[in-house]
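Chemist: The sequence and its predicted three-dimensional model are supplied below.
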Amino acid sequence: MITGELKNRIDSLWTEFWTGGIANPLTVIEQITFLMYSRLLDMEERKDEKRSQLTGKHFTRRFRLDGKPGELDKNGKALNEQDCRWENWRHLGAEQMLPHVRDKVFKHFSEMAERSGNEGSLFAEFMKDAQMMIQKANLLSKAVEAVNNLPLDQGDTKGDLYEYLLSKLTTAGINGQFRTPRHIIRLMVELMQPQVTDRVCDPACGTGGFLVETYDYMMRTHTSEAGKHTETFINERGEQETTTLFSGDLLTPHRKHIDNDMFHGFDFDATMLRVASMNLIMHGVAAPDVHYQDTLSQSFEEKRPKQSKNAFDLILANPPFKGSLDEQDVAPDLLRVVKTKKTELLFIGLILRMLKTGGRSATIVPDGVLFGSSKAHVQLRQHLIENNQLEAIISLPSGVFKPYAGVSTAIIIFSKGGSTDKVFFYDMHADGYSLDDKRQPINDNDLPDLKTQYQQWNAGKGEFSDRTQKAFSVSKADLVAQNYDLSINRYKEQVHSEEQHDDPREILKSLMALETEIQRELKELEGML
């Protein structure tokens with residue numbers, strides 16, 4: 001839940017960055033992220049200090065307190081970092097604040113990462129190469145004031161707040177990267193029904209949308225009736241809305257796993273990495289495992305062998321579509337599955353390698369993966385069907401990713417190992433939004449029907465033999481007969497209704513009567529003149 005007033009604050013802050021010369025939306029989010037994290041660090045330090053006073057137990061400080069202000073250790077590092085705490089520097093004047101944050105606070109970020117003693121840890125990667133892009137003292141002062149007024153101490157609100165920030169990403173990146181609509185992410189998570197004991201991964205995580213939605217799903221499905229809280233608020237249109245907040249009280253026995261080992265993400269865009277890390281932290285995951293890594297390269301297997309093979313129960317992804325890699329850099333294991341340079345094919349091979357036997361995946365792919373006729377395309381589809389269990393192909397409307405792109409896509413669901421018997425197909429025509437660049441809400445929405453049909457399919461209920469319907473099944477034998485083609489139009493039967501036309505003689509008679517009427521009215525008009 002995020003109120004209109006809170007949205008107005010974010011919009012106002014966004015405008016300040018724009019007029020302050022920072023127009024790249026990802027850069028704006030990154031800079032706001034740094035300020036949010038600085039405040040969160042101080043908030044957590046204060047909580048630990050109070051806990052330490054009550055219990056007498058020592059804790060590892062985020063801000064050193066080993067000496068007097070200005071005193072250095074033998075390595076030239078500050079022994080006292082209290083002036084880097086949010087509450088201690090945010091009151092500085094604008095002209096004094098800018099050099100202090102640039103030269104001391106950001107330096108503290110990197111030194112704290114070094115002290116973690118774990119290159120590749122969440123914090124080290126989160127703050128790696130962090131740079132302050134704000135060059136105007138007045139802009140920094142306004143940004144600090146705005147961030148200080150945000151309700152970061154409210155777990156439910158701060159996650160929604162960060163999602164609203166991310167919604168302002170309106171430009172697609174290179175190599176086919178673009179933001180996956182939130183409702184499509186939610187659909188995929190709800191179809192897969194992740195379990196609280198799962199290890200979940202996105203090998204091309206971007207801003208972490210799939211991982212965050214999985215956590216939100218856990219909160220929704222593991223909250224007792226007593227733990228649910230309903231609130232009413234006025235939205236930005238002045239309308240009254242009601243929302244339910246989920247405490248996730250039934251997750252308590254699994255909290256350690258959720259905070260430390262449930263969520264895993266990889267990306268080779270450092271900015272995206274920082275944003276994804278903050279996104280998960282803001283939603284309530286204490287220490288998500290998010291790393292800077294090109295998962296298709298040989299270095300992934302060398303640096304993270306435990307995560308590159310047989311590691312995960314569930315993988316959710318919308319990997320880059322248009323990339324092409326140097327074959328010399330691709331992990332040899334992937335080339336044994338599918339010999340190609342195309343990233344959309346390599347990612348399917350990667351996901352199979354990263355899944356545990358029996359592990360499942362829901363992945364968005366361009367339609368070309370389903371019907372491409374190259375040797376690599378056919379080889380991959382054959383491998384999915386013959387050596388694994390291909391469960392479902394869900395055809396998405398071509399406007400789902402507008403305004404970023406109009407590419408036709410599908411969701412492909414499969415399990416590692418086993419074999420394929422029948423495949424569930426669904427022909428989605430509408431996702432609840434117009435399929436133009438505006439993407440306005442509309443009444444037509446196939447998502448509820450898709451979820452119902454898929455649940456019935458998994459439960460072995462319902463009849464799916466009628467290929468004229470949106471949901472139907474196709475046997476393995478039929479797939480093999482079509483050279484493993486998985487395009488829905490290959491199997492769906494179109495219903496053609498016979499058009500009824502009037503007799504040509506009757507049409508001619510009507511035209512002559514109309515002509516007579518026209519001539520009569522023309523003569524009446526002539527008489528009037």
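Modeler: Happy to help now that I have it. Numbers count the residues shown, from 1 in each chain.
Chemist: okay, CA-based contacts and neighbour counts for the rest of this
Modeler: Fine.
Chemist: and Lys342, what are its phi and psi?
Modeler: phi -80, psi 120 (degrees, to the nearest 10).
Chemist: partners of it in the sheet?
Modeler: For Lys342, the beta-bridge partners are Ser324 (DSSP bridges).
Chemist: How many neighbouring residues does it have?
Modeler: 19 (other C-alpha atoms under 10 Å).
Chemist: same thing with Gly70?
Modeler: Neighbours of Gly70 using other C-alpha under 10 Å come to 11.
Chemist: That one reaches Ala78, doesn't it?
Modeler: Yes - in this structure, Gly70 is within contact of Ala78 by C-alpha atoms under 8 Å, at 6.6 Å.
Chemist: For this protein, which segments count as strands?
Modeler: 200-202, 228-234, 240-246, 263-267, 289-292, 312-317, 355-366, 389-395, 409-415, 422-427, 431-433, 441-445, 471-475 (DSSP state E).
Chemist: Which one of the ones you listed lies nearest to Ile518?
Modeler: Closest to Ile518 of the strands of the chain is strand 441-445 (C-alpha to C-alpha; 43.7 Å).
Chemist: Direction included, what does the closest one pair against?
Modeler: Note on strand 441-445: by DSSP bridges, its sheet partners are strand 431-433 (antiparallel).
Chemist: what does the strand it pairs with contact?
Modeler: With C-alpha atoms under 8 Å, 6 or more residues apart in numbering as the test, strand 431-433 has contacts from Pro397, Val400, Arg439, Gln440, Pro441, Ile442, Asn443, Asp444, Asn445, Asp446, Leu447.
Chemist: Would you mind finding the longest helix in the chain?
Modeler: When the chain is parsed with DSSP state H, its longest helix is helix 25-55.
Chemist: just how off-centre is that one within its chain?
Modeler: Mean-position distance between helix 25-55 and its chain equals 24 Å (C-alpha atoms, centre = their mean, to the nearest Å).
Chemist: what mean pLDDT would you report for that helix?
Modeler: The pLDDT scores in helix 25-55 average 85.
Chemist: Can you work out which other helices and strands pack against it?
Modeler: Contacts defined by 3 or more C-alpha pairs under 8 Å, 6 or more residues apart in numbering; DSSP states H and E place helix 25-55 against helix 86-89, helix 137-148, helix 270-283.
Chemist: Reformat the ones you listed as JSON lines; add distance to Leu350.
Modeler: Output for the helices and strands packed on helix 25-55, formatted as JSON lines (distance: least, C-alpha to C-alpha, whole Å):
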{"stretch": "helix 86-89", "distance to Leu350": "42"}
{"stretch": "helix 137-148", "distance to Leu350": "40"}
{"stretch": "helix 270-283", "distance to Leu350": "20"}
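Chemist: Mind putting the ones you listed into TSV with mean neighbour count?
Modeler: Output for the helices and strands packed on helix 25-55, formatted as TSV (neighbours: other C-alpha atoms under 10 Å):
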stretch	mean neighbour count
helix 86-89	16
helix 137-148	18
helix 270-283	24
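Chemist: could those helices go into CSV alongside mean pLDDT?
Modeler: Below are the helices and strands packed on helix 25-55 laid out as CSV (pLDDT from 0 to 100):
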stretch, mean pLDDT
helix 86-89, 94
helix 137-148, 93
helix 270-283, 79
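Chemist: if we can go back for a sec, which of the contacts of strand 431-433 are buried?
Modeler: Pro397, Val400, Asp446, Leu447 (16 or more other C-alpha atoms under 10 Å).
Chemist: The residues you listed in helices, which ones?
Modeler: Under the assignment DSSP H, the buried ones among the contacts of strand 431-433 contribute Leu447 to helices.
Chemist: which one of the buried ones among the contacts of strand 431-433 sits closest to Tyr491?
Modeler: Pro397 (17.3 Å).
Chemist: can you give me phi and psi for the closest residue to that closest one other than its chain neighbours?
Modeler: Leaving out its chain neighbours, the residue that sits closest to Pro397 by C-alpha to C-alpha, 6 or more residues apart in numbering is His429, at 5.6 Å. Main-chain dihedrals, His429, degrees, to the nearest 10: phi -100, psi -30.
Chemist: if I read this right, His429 contacts Ile394, doesn't it?
Modeler: No - look at His429 against Ile394 with C-alpha under 8 Å: they stay out of range, at 10.6 Å.
Chemist: if you count what's nearby, which of the two comes out ahead?
Modeler: Neighbours per residue, other C-alpha under 10 Å: of His429 and Ile394, the larger number sits with Ile394, 21 against 16.
Chemist: dump the residue contacts of that one.
Modeler: Ala410, Ile411, Ile412, Phe425, Tyr426, Asp427, Met428.
Chemist: I figured the first one was touching Leu396, is that so?
Modeler: Yes - in this structure Ala410 lies within contact range of Leu396 using C-alpha under 8 Å: 5.2 Å.
Chemist: The residue nearest to Pro397 and Val495, how far apart?
Modeler: Distance, His429 to Val495, using C-alpha to C-alpha, to the nearest Å: 16 Å.
Chemist: Which one (most neighbours) among the contacts of Ile394?
Modeler: Phe425 (27 neighbours).
Chemist: Beta-bridge partners for that one, please?
Modeler: Assessed by DSSP bridges, Phe425 has beta-bridge partners Ile393, Phe472.
Chemist: what pLDDT does Ala459 get?
Modeler: pLDDT, Ala459: 91.
Chemist: quick revisit: from the buried ones among the contacts of strand 431-433, which is closest to Asn149?
Modeler: Ranked by distance to Asn149 (C-alpha to C-alpha), the buried ones among the contacts of strand 431-433 are led by Val400 at 35.4 Å.
Chemist: Who are the contact partners of the closest residue to that closest one other than its chain neighbours?
Modeler: Using C-alpha to C-alpha, 6+ apart and skipping residues adjacent in sequence, the residue nearest Val400 is Leu435, 6.4 Å away. Leu435 sits next to Pro397, Ser398, Gly399, Val400, Lys402 when contact means C-alpha under 8 Å, 6+ apart.
Chemist: Export those to JSON lines and append columns for pLDDT and distance to Ala23.
Modeler: Converted to JSON lines, the contacts of Leu435 look like this (pLDDT from 0 to 100; distance: C-alpha to C-alpha, whole Å):
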{"residue": "Pro397", "pLDDT": "92", "distance to Ala23": "32"}
{"residue": "Ser398", "pLDDT": "89", "distance to Ala23": "30"}
{"residue": "Gly399", "pLDDT": "87", "distance to Ala23": "27"}
{"residue": "Val400", "pLDDT": "89", "distance to Ala23": "26"}
{"residue": "Lys402", "pLDDT": "80", "distance to Ala23": "21"}
